[in-house]
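# Sequence and predicted structure are below.
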Amino acid sequence: MGRQLHKLTAREVKAITEEGRYGDGGGLYLSVSSGDRRRWVFLFRWDGKTREMGLGSAQDVTLAEARRAAGEARTKVKAGIDPIADRRHVVEAPRVPTFGDFADELVAELEHGFRNPKHRAQWRMTLTTYAAPLRSMRVDEIKTEDVLAVLKPIWRTKPETASRLRGRIERVLDAAKARGFRSGENPAAWRGHLKNLLPARQKLTRGHHKAMPFEEVPAFVAHLRSRSGVSDRALEFCILTAARSGEVLGATWKEFDLSARVWTVPAARMKAGREHRVPLTEQAMSILSAMATFGQEPDGYVFPGAKPGRPLSVMAMDMVLRRMKLDVTVHGFRSSFRDWAGEATPFPREVAEAALAHTVGDQTERAYRRGDALDKRRELMTAWAGYAVK
């Protein structure tokens, strides 16, 4: 008569607390050790010796699952197969991640190469908010119809966002293929694929940063100067220097030569990857003087955020505009400045473009124009500050 199996019950397994081994029959035991460590083990004879094979934690593996695993191991022993050695030779297929998990992992790796915090935030936002329907899907399950379901609702209304989202989904799925989690064509690819299913970009209205007419800037700045928040000062500084928001938010004190009244933004933080010098006007210097009360450590942020050692949020200046109920963007003030320079001043186009850190002319023309016209730009920015701050 064979040895009795299934001696334990699920209730007994939960109730046992004393250390020791409790047999279920057929070589299956519940092993309880110090610290209430509870695990399933299978004991069997091999080459004249007793061997122990772990079957997992009793917290994660049920009694029924442990019995099935022990039964499979017994069958292998009877067939002359060492179940421990056999398990070592089984190569488990890699777990295929969800789109959300893999996208988050990829962004964490890529963001070290991004030049500003806003770019990192945009990657995370689009792949979290707009790509939400894809996040719970495994990367090897995503098909063309899934990508289209995400893109179509915003393809016409938010063309710039939709285009960037498509490119980022394509990048994530390409990376998943390179890691062996996918095979076949990329369902988010544009050429030869989605190009045939969605309207061409040139037929869509391209997105633009909403700008305030330059005639309204002085009144707005006056209102802004009546507010006392760090975000308000950052936005005012952004307007007066015609800088990009990321350049202002990431500014540290070591970038400023206050005696020479020059802010030097390093190439690594510039969109074009070239160092950019910004002449500082009296009004800009006044803002820096106010911000110095928070400290002037070389690596400290000029416009510090609420958390120690962190800059303002990438949305801080946008929120100032929202609270003031204005339908314009922070970036749009660069357009306001450019329109003012072109329509209300005699300053040359090249000087205004240089103030915006734009590349002007072809390669030959740029080769002959080595300088950055700092003195001329100082005159321009002084005139702009005098116009904006009444």
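Nice, thanks for sending it over.

# Can you name the helix or strand that D24 falls in?
strand 20-25 (DSSP states H and E).

# helices or strands next to that strand in the packing?
strand 28-33, helix 63-78 (3 or more Cβ pairs under 8 Å, 6 or more residues apart in numbering; DSSP states H and E). For the C-beta atoms, the positions are set from N, CA and C on the backbone; glycine is no exception.

# can you pull the buried residues of it?
Buried residues in strand 20-25, counted by 16 or more other Cβ atoms under 10 Å: 22, 24.

# Repeat that for stretch 324-333.
Neighbour-count burial for stretch 324-333 [16+ other Cβ under 10 Å]: 328-333.

# Between all of these, which two are separated the most?
Taking Cβ to Cβ, the two most distant members of the buried residues of stretch 324-333 are V328 and H331; they sit 9.4 Å apart.

# Contacts for the strand holding D24 next, please.
Residues external to strand 20-25 that are found in contact with it (Cβ atoms under 8 Å, 6 or more residues apart in numbering): 3-8, 12, 16, 29-32, 41, 63, 66-67, 70.

# circling back: could you identify which of the helices and strands packed on strand 20-25 is most buried?
Most buried of the helices and strands packed on strand 20-25, by mean neighbour count (mean count of other Cβ atoms under 10 Å): strand 28-33, with a mean of 19.

# Using CSV, list the CA coordinates for that one.
C-alpha atoms of strand 28-33 as CSV (Å, rounded to 0.1, in the frame of the first residue of the first chain):
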residue,chain,number,x,y,z
LEU,A,28,6.3,17.3,0.1
TYR,A,29,6.9,19.3,3.3
LEU,A,30,6.0,22.6,4.7
SER,A,31,9.2,24.0,6.3
VAL,A,32,8.7,26.6,9.0
SER,A,33,11.9,28.3,10.3
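
# Work out the sheet partners of it and label each with its direction, please.
In the sheet, strand 28-33 lines up against strand 20-25 (antiparallel), strand 37-46 (antiparallel) (DSSP bridges).

# so E353 is in which element?
Counting by DSSP H and E, E353 is part of helix 349-355.

# So, low pLDDT: which residues of the stretch 51-200 of the chain?
Scanning the stretch 51-200 of the chain with the threshold set as pLDDT under 70 gives 89-94, 115-118.

# Do a quick rundown of the strands in it.
For the stretch 51-200 of the chain, no strands are identified by DSSP state E, counting those that start in this stretch.

# Can you get me a residue count around Q283?
Applying other Cβ atoms under 10 Å, we find 21 residues neighbouring Q283.

# Which residue is the nearest non-sequential neighbour of it?
Nearest non-adjacent residue to Q283, counting by Cβ to Cβ, 6 or more residues apart in numbering: A385, 4.4 Å away.

# so what does the helix or strand where the one you found lies touch, helix or strand wise?
Secondary structure from DSSP H and E places A385 in helix 374-388. For helix 374-388, the elements it packs on are helix 217-225, helix 230-241, strand 276-279, helix 282-291, helix 332-344, helix 349-355, judged by 3+ Cβ pairs under 8 Å, 6+ apart.

# which helix in this protein runs the most residues?
Ranked by number of residues, the top helix in the chain under DSSP state H is helix 159-178.

# on that earlier part again, any chance of the buried residues of stretch 324-333 in JSON lines, with distance to R179 and pLDDT too?
Formatted as JSON lines, those follow (distance: Cβ to Cβ, whole Å; pLDDT from 0 to 100):
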{"residue": "V328", "distance to R179": "43", "pLDDT": "91"}
{"residue": "T329", "distance to R179": "37", "pLDDT": "91"}
{"residue": "V330", "distance to R179": "37", "pLDDT": "94"}
{"residue": "H331", "distance to R179": "36", "pLDDT": "93"}
{"residue": "G332", "distance to R179": "40", "pLDDT": "92"}
{"residue": "F333", "distance to R179": "42", "pLDDT": "95"}
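
# ok, of those residues, which one's closest to A175?
Closest to A175, out of all of those and judged by Cβ to Cβ, is H331, at 29.4 Å.

# rewinding a little: show me what counts as buried in the helix holding E353.
Using 16+ other Cβ under 10 Å as the test for burial, helix 349-355 gives 351-355.
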